[in-house]
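**Student:** model the structure of this input:
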Amino acid sequence: MPKFRKKPVVIEAFRTVATKVIDTLEGTMVAEVGDWIITGVKGEHYPVKDDIFRATYEPTDEESQAAWEEGCNG
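**Tutor:** Numbering: from 1, shown residues only. I've put the predicted structure just below:
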């Protein structure tokens, strides 16, 4: 089976401290406490579960590393 790698794209994200309803390009989604809310390449927002976020993304600078380690910056 063919395999593909995700292109390296820098995104903005924050970890939510409250449940939020988000209108996405795919419809309405709910971000639970501890989920990350990412801003996509077209400016759209999506909730991502913490374990998926950490498996998919990595910090790009010291501020992002601190948020990663702290676990909550939004």
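
**Student:** end-to-end on stretch 49-64?
**Tutor:** Start-to-end span of stretch 49-64 (Cα to Cα, to the nearest Å) is 17 Å.

**Student:** that one: how far from the chain's middle?
**Tutor:** 7 Å (Cα atoms, centre = their mean, to the nearest Å).

**Student:** now swap in stretch 34-48 and tell me
**Tutor:** 5 Å.

**Student:** and for the worst-scoring helix or strand of the chain on mean pLDDT, what are the contacting residues?
**Tutor:** Within the chain, no helix or strand scores below helix 62-70, which has a mean of 85 by mean pLDDT, DSSP states H and E. Here helix 62-70 makes contact (Cβ atoms under 8 Å, 6 or more residues apart in numbering) with 14-15, 54, 58-59, 73. For every residue, glycine as well, the C-beta is placed using N, CA and C.

**Student:** and which of these is nearest G34?
**Tutor:** Closest approach between those and G34, by Cβ to Cβ: R15, at 6.5 Å.

**Student:** surely that closest one is in contact with D50?
**Tutor:** Yes. With contact defined as Cβ atoms under 8 Å, R15 counts as touching D50 (7.4 Å).
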